[in-house]
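> Coordinates only, no sequence provided:
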């Protein structure tokens, strides 16, 4: 609510305010924001929740408003309830967090280990293969020097701003912004290209994880029925579709924040995602392909089971019939559009094997009349011969014709 009202006062639209939220760290996504454009035309935001006495009480309401705004900006046809539920879930989480969360230091350290050494912005603090003690040291150092109020990082930024010196990555700091940060009101500049770079990490991870939704159960080595394999391929691509949708949303947000198309192309090219970027720009989807290694491993496991249980008929692995169905699904999924629901464009039941006696979805034909075996008989009079035959045929020929018709 605050973001929307302040947006109008400072030349920032609701769409811009919603786009800013797409690139916030997780702890600020549902906060009360002050979004504005500074004198240089840069879009900045202030997370005012930390400075508001009653934020814990009003945040559930603010979270609902923010959730609705975000959904409506990126899809005007989305039902209102979708944004309400998303916002309400976030708001309730924020409401109970003061009573269940640990201290800021422990919470920060725990989050770092959950993210495997990455900050909320995506920066890696340690090598995953580093010794455990080194990881603890870096986590504590980060919590004390970068997150805590009046931390070394805050004071260092203030010093650099005071002497008009560049930051470690060439950043320019403003004294007024850094002073505001001492009491939790530091303006943060939104850089859509830099922020999107971190979101590509999430996209890559999501694509890998959705593939595992198929390969993990299918290659576990046990009994796997054909319908189960088909279902897992459908579910895995259903989640992959959502990952593509989320990336499309981030790209749209970056474009709202005036990211140049040439910079987007360069960024995705650098991250080896040019093909997926082009597909998303065209509103298209790309299902994951079945690799030769997956098919080969499935066959190896099936052969092993059949060798050990040669007296049993056990459904195992991706056989030729199943493979043909999966390839057919893959071809159909290449036709899917990101602006339509996955489930409405492709149905799982259309690919599952039909069980004996199972009714199909094809409507039955209306009842048809029984065909006449010899249509000419319907026109033959009671004597067995037509008037023409009586006039032209001899008596012998008439007897032959009657025998042909079973009447003599």
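Cool, the structure landed. Nothing here was measured: the structure is a model prediction, and the numbers come from that model.

> And for residue 233, the neighbour number?
Residues lying near residue 233 (other Cβ atoms under 10 Å) number 25. Backbone N, C-alpha and C define where each C-beta goes, glycine included.

> My error: substitute residue 267 in the last question.
A count of nearby residues for residue 267, using other Cβ under 10 Å, gives 20.

> Is it in a helix, a strand, or coil?
Assigned with DSSP: H, G, I helix; E, B strand; the rest coil, residue 267 falls in the helix class.

> Spit out the contact partners of the closest residue to residue 287 other than its chain neighbours.
Leaving out its chain neighbours, the residue that sits closest to residue 287 by Cβ to Cβ, 6 or more residues apart in numbering is residue 333, at 3.9 Å. Residue 333 sits next to 237, 285, 287, 346 when contact means Cβ atoms under 8 Å, 6 or more residues apart in numbering.

> how much space between residue 333 and residue 275?
According to Cβ to Cβ, to the nearest Å, residue 333 and residue 275 sit 16 Å apart.

> Would you mind finding the longest helix in the chain?
The residue-count maximum for a helix in the chain (DSSP state H) belongs to helix 226-256.

> buried sites along it?
226-227, 229-234, 236-241, 243-245, 247-254, 256 (16 or more other Cβ atoms under 10 Å).

> for it, packing partners?
helix 14-21, helix 55-74, helix 192-218, helix 261-270, helix 274-281, helix 320-333, helix 342-345 (3 or more Cβ pairs under 8 Å, 6 or more residues apart in numbering; DSSP states H and E).

> Any buried residues in the shortest one, and which?
Think helix 342-345. Neighbour counts using 16+ other Cβ under 10 Å place residue 342 of helix 342-345 among the buried residues.

> quick one: average pLDDT of that helix?
Averaged across helix 342-345, pLDDT comes to 93.

> One more: the longest one?
Model confidence over helix 192-218, given as mean pLDDT, is 91.

> The helix or strand containing residue 306 - contacts with which helices or strands?
Using DSSP states H and E, residue 306 sits within helix 292-308. In terms of contacts (3+ Cβ pairs under 8 Å, 6+ apart), helix 292-308 is packed against helix 192-218.

> now the angle between helix 320-333 and the helix it packs on, please.
160 degrees (axes from the mean of the first three to the mean of the last three Cα atoms, to 10 degrees).

> quick one: buried residues of helix 192-218?
Buried residues in helix 192-218, counted by 16+ other Cβ under 10 Å: 192, 195-200, 203-204, 206-207, 210-211, 213-215, 217-218.

> isn't there a helix covering residue 318?
No. Secondary structure of residue 318 (three-state DSSP): coil, not part of a helix.
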